[in-house]
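Visitor: Give me the fold of what follows.
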Amino acid sequence: MSKKINIALFGFGRIGRNLFRLGYDNPNYNFVAISDFGSAEALHYLLVRDSIHGLMKDEVELDGNHLVVNEQRPRVISGGEPGSVPWDAYDVDIVIDATGRFLTRDELSAHLDSGAKRVLISRNPKDSIDRYVIPGINESSIDSADKIISTTSSTTQVLALMVKMLDANFGLERAMMTTVHAYTADQPLADAAGVDLRRSRSAVENIIPNSTRAPSIIEELMPEFQGKLDGIAFNVPVPNGSCVDLTTELINVPTVDEANQAIKQFSNSSMKGIVGYTSDPIVSSDVIGREETMVYDEKATMITKESLLKTLCWYDNGWGFASRILDVIDAYAALEDN
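Guide: The predicted structure is shown next:
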């Protein structure tokens, strides 16, 4: 890479901190700024001592408003709305909006207006953007003209990979997804009034049904699956580690072994590093810290009456997803080099 990539993090919650932990010792990355509502002291503390991933392996110092570790020295800036930080003052190549709050093109364009060359959001957007990018699905289609991009969501990526692999091998007629997802930062610990009645209930006391946009986003990104996908989410009382339970109707129904071998082949070839595979009897905590988008569970595969295939995929909904965001950053940087 001809020059380091100047990265700004807008939002320093779970995804933002995972991105920094994954990327701070990469010689191609220069984290120049971190914008969040928290104080520099609080952000330093939460970065160093993570309740899920533990202590950082390297010491991080707080020097005024700068976090200092190895060659990285990002400035901590008080958070606000997109456009409130002059990204041009930091020569930002890409700002990662990891707040989860700003999801429209108009909102995100403010990052560009304030000097960022490109903006990537870590959620499914609410309206039209330049491109969705999912490694393993469409990273080869990216264009240097893309300015506002989304890596969708951790669940969307898992579902996209599974329907692509199953369709390639057996032909997909339709699929119904259930994601069993760790609770998220926007859920209350105790019952609290909210617009969404189910989500107003305690995240640590309940299994909470939730809607998911993953199927509709995939149908937009992959038109061949239009009208074939649907799904629901359940948020459950675990802090990290999720799974996608996928039931599919296929044109050519495989045996359990044939289905498993097809995914295993992908995991050892074109999807290596993105799709993991295990024959161990794992549970959700076993995938914490895994960098793959998903880990396919061989032991969970089922065929019902030689017509419906059920598969199970596990994923670290923070760490694995953050790894793919960095892959996308690398892909756009490579375009600029060519």
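
Visitor: quick one: contacts for residue 26?
Guide: Residue 26 sits next to residue 326 when contact means C-beta atoms under 8 Å, 6 or more residues apart in numbering. Yep, even glycine has a C-beta here, placed from its N, CA and C like the rest.

Visitor: Which of the residues in stretch 129-144 are classified as buried?
Guide: Neighbour-count burial for stretch 129-144 flags 129-137, 139, 142 (criterion: 16 or more other C-beta atoms under 10 Å).

Visitor: scratch that, stretch 196-205
Guide: 199, 201, 203.

Visitor: Rebuild the residues you listed as a markdown table, extending it with secondary structure, pLDDT and distance to residue 80.
Guide: Formatted as a markdown table, those follow (DSSP: H, G, I helix; E, B strand; the rest coil; pLDDT from 0 to 100; distance: C-beta to C-beta, whole Å):
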| residue | secondary structure | pLDDT | distance to residue 80 |
| --- | --- | --- | --- |
| 199 | helix | 96 | 26 |
| 201 | coil | 97 | 31 |
| 203 | coil | 98 | 27 |
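
Visitor: and of those residues, the nearest to residue 58?
Guide: Residue 58 has its nearest neighbour among the buried residues of stretch 196-205 in residue 203, at 31.9 Å by C-beta to C-beta.

Visitor: what comes up buried for the helix ranked longest in the chain?
Guide: Secondary structure of the chain read by DSSP state H shows that its longest helix is helix 319-337. By 16+ other C-beta under 10 Å, the buried positions in helix 319-337 come out as 319-330, 332-333.

Visitor: Also stretch 278-292?
Guide: Neighbour-count burial for stretch 278-292, counted by 16+ other C-beta under 10 Å, picks out 278, 282, 284, 287-288, 290-292.

Visitor: pLDDT score for residue 248?
Guide: What the model reports as pLDDT for residue 248 is 98.

Visitor: Do you know the pLDDT at the closest residue to it other than its chain neighbours?
Guide: Nearest residue to residue 248, sequence neighbours excluded (C-beta to C-beta, 6 or more residues apart in numbering): residue 175, at 4.4 Å. Note for residue 175: predicted pLDDT of 98.

Visitor: Can you tell me the element residue 175 falls in?
Guide: Assigned by DSSP states H and E, residue 175 belongs to strand 172-182.

Visitor: which parts of the following helix or strand past that strand are buried?
Guide: Next along the chain after strand 172-182, taking DSSP H and E as the criterion, comes strand 208-210. For strand 208-210, a neighbour-count test (16+ other C-beta under 10 Å) marks residue 208 as buried.

Visitor: Quick one: residues in contact with strand 208-210.
Guide: By C-beta under 8 Å, 6+ apart, strand 208-210 touches 181, 187, 198-199, 201, 232-236.

Visitor: How about the contacts made by residue 327?
Guide: Here residue 327 is in contact with 135, 139 (C-beta under 8 Å, 6+ apart).

Visitor: can you rerun that using 10 Å?
Guide: 133-136, 139, 151, 273-274, 291, 293 (C-beta atoms under 10 Å, 6 or more residues apart in numbering).

Visitor: Out of those residues, the closest to residue 76 would be?
Guide: Nearest to residue 76 among those, counting by C-beta to C-beta, is residue 151 at 24.1 Å.

Visitor: For that closest one, give me its contacts.
Guide: With C-beta under 10 Å, 6+ apart, residue 151 has these contacts: 96, 120-124, 132-135, 157, 321-322, 324-329.

Visitor: mind giving me a markdown table with the contacts of strand 208-210 and columns for distance to residue 216?
Guide: Converted to a markdown table, these look like this (distance: C-beta to C-beta, whole Å):
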| residue | distance to residue 216 |
| --- | --- |
| 181 | 17 |
| 187 | 22 |
| 198 | 20 |
| 199 | 19 |
| 201 | 25 |
| 232 | 13 |
| 233 | 13 |
| 234 | 18 |
| 235 | 19 |
| 236 | 23 |
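
Visitor: now, which of those residues sits nearest residue 67?
Guide: Nearest to residue 67 among the contacts of strand 208-210: residue 187, at 27.9 Å, using C-beta to C-beta.

Visitor: measure the nearest residue to that closest one once chain neighbours are set aside to residue 287 for me?
Guide: Spatially, and ignoring its direct neighbours in sequence, residue 187 is nearest to residue 203 (3.7 Å; C-beta to C-beta, 6+ apart). Computed as C-beta to C-beta, to the nearest Å, the residue 203 to residue 287 distance reads 20 Å.
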